[in-house]
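Visitor: Output the structure for:
(one chain, ligands or ions: 1)
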Amino acid sequence: MSGPLLEAVGVSIQFGGLKALSDFNLAIHKGDLQGLIGPNGAGKTTAFNVLTGVYQPTQGEVRVSGQRVNGWLPHQINHLGLARTFQNIRLFRALTALDNVKVACRAQGALNPEGVGLGAKFRGAMGNYRDWWRAMLLTPGFQAEERELTEQAERLLEVMGLGHRRNEEARNLPYGEQRRLEIARALGTRPKVLLLDEPAAGMNTREKADLMVLIRKLRDDFNLGILVIEHDMKLVMGICEKITVLDHGETIARGAPAEVRSDRKVIEAYLGDSYLESQGGAA
Ligand SMILES: Nc1ncnc2c1ncn2[C@@H]1O[C@H](COP(=O)(O)OP(=O)(O)OP(=O)(O)O)[C@@H](O)[C@H]1O
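Guide: Sure thing, here's the model as predicted:
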């Protein structure tokens, strides 16, 4: 088996006196569909932010495809194959659905040098300058690239069931479709690993059920590793093969849904007695 696509090794992050994440470890391989759960404020989004370069860990190491990415910027980490969606939808609201996805496809296709430092910044700036001229002059190469990007973006909209929304502004889409558009946009960067932050939030039961099927399909069709933060236990337990449970920044359990569901610490911290009752009895 090849090495993990995404790895956190002993990652901690502190905000003032608050340890938001302590000694966090994680490994996502190709084909994994894992969940990250925990009560409000447990550190789930912080974990995503550390993994994607929004925050720098106070301790520990983050690796993407075996490459240490501490100190890298989010777009540089994205270029290595890590994409995410956000708990609070962050689309370009005034752009069409198609353009939202095209922006992501273009960002990945553009000269986007890996690494940190002045050399990478210089190469990036030169690439932008060159692309600007190609766009201004509408060179044949630029037009062919545009067609290719449009086709890619259209394919992703179709995959996410949004083909009919191609020309609608993102802000006019129903909430559930905005969430799916965020996933289409993340896929536009051609990731190897996808991090989904509460993808079903605000969806109705039917939409959630459809999303469960879709997430599995994305994993299979795109050969991805996926990590999902989700409060909806039915969704997490239904699709994830392995679940990590955080509480106050600590990892209190990890394992298959059945193990996690019956873990006393998890029940106390998160699921609560009402969950047990809804499941028809004790763990
Ligand atoms: N930039 C920041 N500065 C200070 N404290 C922060 C920052 N980001 C997160 N925190 C704190 O870290 C802790 C973990 O927050 P986080 O958002 O990761 O929790 P969560 O598990 O995602 O919660 P929820 O389910 O409510 O989204 C919280 O106490 C939060 O207030």
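
Visitor: so where's the chain shaky on pLDDT?
Guide: The chain contains residues with pLDDT under 70 at 1, 108-142, 271-283.

Visitor: In which helix or strand does Ala8 reside?
Guide: Taking DSSP states H and E as the criterion, Ala8 maps to strand 6-15.

Visitor: Flag every buried residue along that strand.
Guide: Residues of strand 6-15 classed as buried: 6-9, 11-13 (neighbour count, 16 or more other CB atoms under 10 Å). The way it works is simple: take the backbone N, C-alpha and C, and place the C-beta from them, glycine included.

Visitor: Need phi/psi at Asn40.
Guide: In terms of degrees, to the nearest 10, the main-chain angles of Asn40 are phi -60, psi 140.

Visitor: I misspoke; the intended subject was Asp221.
Guide: For Asp221, the backbone dihedrals (degrees, to the nearest 10) come out as phi -70, psi -30.

Visitor: Okay, it and Gln56: tell me how far apart.
Guide: Note on Asp221: its distance to Gln56, by CB to CB, to the nearest Å, is 34 Å.

Visitor: I'd assumed Thr150 was in contact with Leu98.
Guide: Yes. Because the distance of 7.1 Å satisfies CB atoms under 8 Å, Leu98 is recorded as touching Thr150.

Visitor: Between these two, tell me which one has more neighbours.
Guide: Using other CB atoms under 10 Å, the more surrounded residue of Leu98 and Thr150 is Leu98, with 22 against 16.

Visitor: which residues does that one contact?
Guide: Contacts here follow CB atoms under 8 Å, 6 or more residues apart in numbering; on that basis Leu98 touches 150, 153-154, 157, 166-167.

Visitor: how about the strands of the stretch 151-283 of the chain, start to end?
Guide: Ranges of strands within the stretch 151-283 of the chain are 193-197, 225-229, 242-247, 250-255, based on DSSP state E, counting those that start in this stretch.
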